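> sequence and predicted structure, then a few things I'm wondering about:
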Amino acid sequence: MGIMATILDGKSLATTIREKVKDRVVSLATKPGLAIILVGNDPASHVYVNLKQKACEEVGIHFEKFSYEETVSELELTEQIKTLNERKDIHGILVQLPLPTQNADQVISAIDPKKDVDGFHPLNLEALRQGKPTIAPAVALGILKLIDKALENRDRTNLRATIISSDFFAEPLQLLLREQHIVSHVAHPEDETFLEQTSSSDILIVALGVPNTIRAFMIKPGAILIDVGTTKVDGKIVGDVDKESVEPIAGALSPVPGGVGPMTVAMLLLNVLNAYQKQSAK
């Protein structure tokens with residue numbers, strides 16, 4: 001039996017970040033404000049929005065939620081966003097994804113890039129591609145913090161990362177990893193070389209939403225596994241990594257729940273605070 005993988009405790013790391021945000025918010029002349037647009041009845045989306053609301057209230061960020069029926073028109077959503085763009089007390093605007101049928105790109109493009117705290121506006125993604133300072137997606141920033149934690153006492157040279165997800169999710173992550181001099185590529189389970197790619201990677205980031213996709217035989221011994229998947233199975237939330245099988249082989253593993261989720265919320269708060277400071281610096 002090998003040494004068991006280090007569990008990357010996203011919850012305690014997120015608590016530290018939230019406390020720092022809270023301390024900074026207390027010292028501000030006015031409150032940062034976040035508005036979230038929630039469309040439809042997806043249970044997971046409602047859970048995530050509630051978590052974000054609680055986190056905002058805890059650190060002293062003003063929070064507003066705009067809920068819509070799943071049949072709402074894109075026009076109505078973009079009109080609401082335009083109103084929020086104009087408001088001086090709202091510094092961050094977030095559209096909770098996925099949208100039921102509406103075109104997410106079109107809706108997100110209506111957000112003022114300076115208020116796009118989710119980091120998915122085309123102009124913010126373009127700035128990230130060019131290595132310019134910008135707002136990066138909170139989930140990607142959260143993942144990066146966990147990887148950073150796992151690499152604390154490790155050699156960082158020539159690391160290879162594989163991201164198993166959609167290209168939309170992977171791109172910001174790849175750009176941020178590149179800044180850390182970590183080479184990454186995207187893999188899909190149907191690729192012929194999938195097993196070769198996963199078993200030769202020092203860092204494996206999985207965001208498929210398919211429980212237990214990654215098993216012990218698929219990973220490199222000592223690899224860092226970041227599990228972004230969340231699926232409800234028999235009333236329990238499970239990830240994309242088969243925790244029991246990989247634990248004796250992996251070097252580090254982010255748990256589900258308690259890994260990427262809390263980190264994403266913490267980094268969102270940080271993005272709202274940074275957006276507030278940029279907008280107030282005029």
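Alright, I've got the coordinates. Numbering: from 1, shown residues only.
> need the contact list for residue 81.
Applying Cβ atoms under 8 Å, 6 or more residues apart in numbering to residue 81 gives the contacts 37, 93, 95, 107, 110, 111. The C-beta positions use only the backbone N, C-alpha and C, and glycine is treated the same way.
> and residue 251, by the same measure?
Residue 251 sits next to 5, 6, 150, 154, 221, 222, 223, 224 when contact means Cβ under 8 Å, 6+ apart.
> other residues contacting stretch 173-193?
Applying Cβ under 8 Å, 6+ apart, the external contacts of stretch 173-193 come out as 128-129, 131, 136, 140-141, 143-144, 147, 156, 159-165, 167, 170, 194, 197-198, 203, 205, 208, 210, 213.
> now it: mean pLDDT?
What stretch 173-193 shows for mean pLDDT is 95.
> just stretch 136-149 next, same as before
97.
> and if you look at stretch 51-61?
For stretch 51-61, the mean pLDDT works out to 98.
> how about it: buried residues?
Buried positions in stretch 51-61, judged by neighbour count with 16 or more other Cβ atoms under 10 Å: 52, 53, 55, 56, 59, 60, 61.
> what's the burial count for residue 160?
Neighbourhood size, residue 160 [other Cβ atoms under 10 Å]: 16.
> got the phi/psi numbers for it?
phi -110, psi 130 (degrees, to the nearest 10).
> so for the longest helix seen in the chain, what gets flagged as buried?
Using DSSP state H to define each element, the chain has its longest helix at helix 260-280. Of the residues in helix 260-280, those with enough neighbours to count as buried (16+ other Cβ under 10 Å) are 260-276, 279.
> could I get the full set of helices for the stretch 51-200 of the chain?
Secondary structure of the stretch 51-200 of the chain (DSSP state H, counting those that start in this stretch): helices located at 74-86, 104-109, 122-129, 138-150, 167-179, 194-199.
> can you list those in CSV and add distance to residue 19?
Converted to CSV, the helices of the stretch 51-200 of the chain look like this (distance: least, Cβ to Cβ, whole Å):
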stretch, distance to residue 19
helix 74-86, 28
helix 104-109, 30
helix 122-129, 27
helix 138-150, 15
helix 167-179, 24
helix 194-199, 36
